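Enquirer: turn this into a structure:
(chains A and B)
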Amino acid sequence: EPEVTQTPSHQVTQMGQEVILRCVPISNHLYFYWYRQILGQKVEFLVSFYNNEISEKSEIFDDQFSVERPDGSNFTLKIRSTKLEDSAMYFCASNSYDRPIANYGYTFGSGTRLTVV
Amino acid sequence: LAKTTQPISMDSYEGQEVNITCSHNNIATNDYITWYQQFPSQGPRFIIQGYKTKVTNEVASLFIPADRKSSTLSLPRVSLSDTAVYYCLVVKADKLIFGTGTRLQVFP
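Expert: Residues are numbered from 1 along each chain as shown, chains lettered A, B, ... in the order given. Okay, here's the model as predicted:
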């Protein structure tokens, strides 16, 4: 079964540093997303991306965040100046809408655990 | 976005069928109902999605009554590995809004 791959699995960074989280979505998917989950809390939507531009973003996704699809396979999330409260699991997801409705849904990666110290 | 309400937790035993019901009273005409599963420290995993009546795939069944104000996820013959959090979501456009989910514990 195709997978969404995220790297690194765990990243520790100092407050104020920039981090880039990387994702390789499923190859024929066209819709890409980032979500995050602070420990013990809900999964939260950050941003959706289609056709090389952001289609929607949440209030969390402020000017410190950016996304990019630098080539045909990678999808990245950059946090410019990390804060302690950015510590969370960050999940990348991709989707395709060309399957029977009962079977189409997002495929999530296994996440990157970001720890800001 | 329609708010969903589901039990905080459920217990079951191996081999039993588990039904998790979710209410979504404010669901809109164009909304779909979708269910995800999440294990600790892993990303959510899609289970099933539907609009009305009954939908079945290789993993589960989803029952949606005519008024669409609730839905029931049915997991046949659960095993220990089905212990996880199960989320019911109402999907509008292209964004998933997760609630706190139902924590299912399966016992031997």
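Enquirer: what about the residue located most distally from the centre of chain B, distance to B:Gln38?
Expert: For chain B, the residue at maximal distance from the C-alpha centroid (Cα atoms, centre = their mean) is B:Pro108, at 22.4 Å. According to Cβ to Cβ, to the nearest Å, B:Pro108 and B:Gln38 sit 22 Å apart. Any C-beta I mention is one placed from the backbone N, CA and C, and that applies to glycine too.
Enquirer: what's the local residue count around the nearest residue to the residue farthest from the centre of chain B once chain neighbours are set aside?
Expert: Closest residue to B:Pro108 apart from its sequence neighbours, by Cβ to Cβ, 6 or more residues apart in numbering or on different chains: B:Glu14 at 5.7 Å. Per other Cβ atoms under 10 Å in any protein chain shown, the neighbour tally for B:Glu14 reads 13.
Enquirer: how about B:Glu14, phi and psi?
Expert: Torsion angles at B:Glu14 (phi, psi; degrees, to the nearest 10) stand at phi -50, psi 140.
Enquirer: same thing with A:Asp86?
Expert: Dihedral angles for A:Asp86 - degrees, to the nearest 10 - are phi -80, psi -10.
Enquirer: before we move on, what about A:Val12?
Expert: Backbone torsions for A:Val12, taken as degrees, to the nearest 10, come to phi -110, psi 130.
Enquirer: these two touch, right, it and A:Ser87?
Expert: No - using Cβ atoms under 8 Å, A:Val12 is not in contact with A:Ser87, being 9.5 Å away.
Enquirer: shared neighbours, the two?
Expert: With contacts taken as Cβ atoms under 8 Å, 6 or more residues apart in numbering or on different chains, the residues that reach both A:Val12 and A:Ser87 are A:115-116.
Enquirer: the two - which one has more neighbours?
Expert: Remark: of A:Val12 and A:Ser87, A:Ser87 carries more neighbours, 18 against 12, as counted by other Cβ under 10 Å.
Enquirer: tell me the contacts of that one?
Expert: A:38-39, A:114-116.
Enquirer: save the residues you listed as JSON lines, and put in secondary structure too.
Expert: Listed next are those as JSON lines, based on DSSP: H, G, I helix; E, B strand; the rest coil:
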{"residue": "A:Ile38", "secondary structure": "coil"}
{"residue": "A:Leu39", "secondary structure": "coil"}
{"residue": "A:Leu114", "secondary structure": "strand"}
{"residue": "A:Thr115", "secondary structure": "strand"}
{"residue": "A:Val116", "secondary structure": "strand"}
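Enquirer: give me the buried entries from those.
Expert: Among the contacts of A:Ser87, those classed as buried by 16 or more other Cβ atoms under 10 Å in any protein chain shown are A:114, A:116.
Enquirer: number of residues surrounding the closest residue to A:Thr107 other than its chain neighbours?
Expert: In space, and not counting its chain neighbours, A:Thr107 is closest to A:Val4: 5.2 Å by Cβ to Cβ, 6+ apart. When neighbours are counted by other Cβ under 10 Å, A:Val4 registers 24.
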